[in-house]
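# kindly generate the corresponding structure for this input.
(chains A and B)
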Amino acid sequence: NAGVTQTPKFQVLKTGQSMTLQCAQDMNHNSMYWYRQDPGMGLRLIYYSASEGTTDKGEVPNGYNVSRLNKREFSLRLESAAPSQTSVYFCASSEEGGGSYGYTFGSGTRLTVV
Amino acid sequence: AQSVTQPDIHITVSEGASLELRCNYSYGATPYLFWYVQSPGQGLQLLLKYFSGDTLVQGIKGFEAEFKRSQSSFNLRKPSVHWSDAAEYFCAVGAGGGYQKVTFGIGTKLQVIP
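Now for the predicted structure:
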């Protein structure tokens, strides 16, 4: 089925470890996004890529880096994980801007940092 | 700055009863408005969206929403709830333009009792 695929689905890290969350979409969407979801705080934008070759910071970028590898793939890297980064991470894509077209979301990565 | 308020954190309805989930937004211009649904352990799925035109919009799964500019509201409704509608529902407001910022509410968790 067409959509957004995220890997891994679950991950436990120790403080200070690094990891990369992978995201791929097969809908030929131009824009891709990384959100984190925390209880009582809704979704907060970490980074986004309006089109292939561009990336920009969102609301909560500290501690994260991203790479738009090609039109399909957008990865999120935690260089030195901290307990405050325990969260559920969602990748999303949209035709152009998600603020007008709406998003297609992946099923999420549940990350625990101990 | 744009914002979204979902005043009800948790709602319980009986199967077959009608449903209305409230959403109030703040935005300086004509907003793009969205409702998303999130089933446990899944990503968010777009139910419906509004930008202009008819203020009553139809979505998937039998949901509809009505835009009321005078009340800054975009409430979600369903005439008869099914047990499978139990999920968390998020209202969101989007801005047009280059950044296309999207602000999500904190969600309303719907419980359906038989």
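# state the mean pLDDT of stretch A:72-87.
Throughout stretch A:72-87, pLDDT has a mean value of 97.
# got the contact list for that stretch?
With contact meaning Cβ atoms under 8 Å, 6 or more residues apart in numbering or on different chains, stretch A:72-87 is reached by A:13-26, A:32-34, A:36-38, A:46-47, A:49, A:63-69, A:89, A:91, A:93, A:111-114. C-beta: built from backbone N, CA, C; applies to glycine.
# tell me who's in contact with the most centrally placed residue in chain B.
In chain B, the centroid-proximal residue (Cα atoms, centre = their mean) is B:Trp35; its distance is 3.4 Å. Listed by Cβ under 8 Å, 6+ apart, the contact set of B:Trp35 reads B:21, B:23, B:46-49, B:59, B:63, B:65, B:74, B:76, B:89-92.
# may I ask which helix or strand encompasses it?
Using DSSP states H and E, B:Trp35 maps to strand B:32-38.
# that strand pairs with which strands?
strand B:44-50 (antiparallel), strand B:87-94 (antiparallel) (DSSP bridges).
# which of these is buried the deepest?
strand B:87-94 (a mean of 24; mean count of other Cβ atoms under 10 Å in any protein chain shown).
# quick one: contacts for the nearest residue to B:Glu66 once chain neighbours are set aside?
Spatial nearest neighbour of B:Glu66, chain neighbours left out: B:Leu56 (5.1 Å); criterion: Cβ to Cβ, 6 or more residues apart in numbering or on different chains. By Cβ under 8 Å, 6+ apart, B:Leu56 lies in contact with B:Glu64, B:Ala65, B:Glu66, B:Phe67.
# between these, which is closest to chain A?
Here the nearest of these to chain A, counting by Cβ to the nearest Cβ, is B:Ala65; it sits at 13.1 Å.
# tally of neighbours for the closest one?
26 (other Cβ atoms under 10 Å in any protein chain shown).
# in which helix or strand would I find it?
strand B:64-68.
# how about the residues of chain B by chain A?
Chain B has residues B:32, B:34, B:36, B:41-46, B:49, B:51, B:90, B:94-102, B:104-107 near chain A, with proximity defined as Cβ under 8 Å from any Cβ of the partner chain.
# buried members of these into ChimeraX, please.
Typed into ChimeraX, the line below selects the buried ones among these, using 16 or more other Cβ atoms under 10 Å in any protein chain shown:
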select /B:32,34,36,43,44,45,46,49,90,94,95,100,101,102,104,105,106,107
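# and the lowest-mean-pLDDT helix or strand in chain B, which strands flank it?
Least confident helix or strand of chain B, by mean pLDDT, DSSP states H and E, is strand B:102-104 with a mean of 90. Sheet pairing here is set by DSSP bridges, and for strand B:102-104 it gives strand B:87-94 (antiparallel).
# perfect, that will be all.
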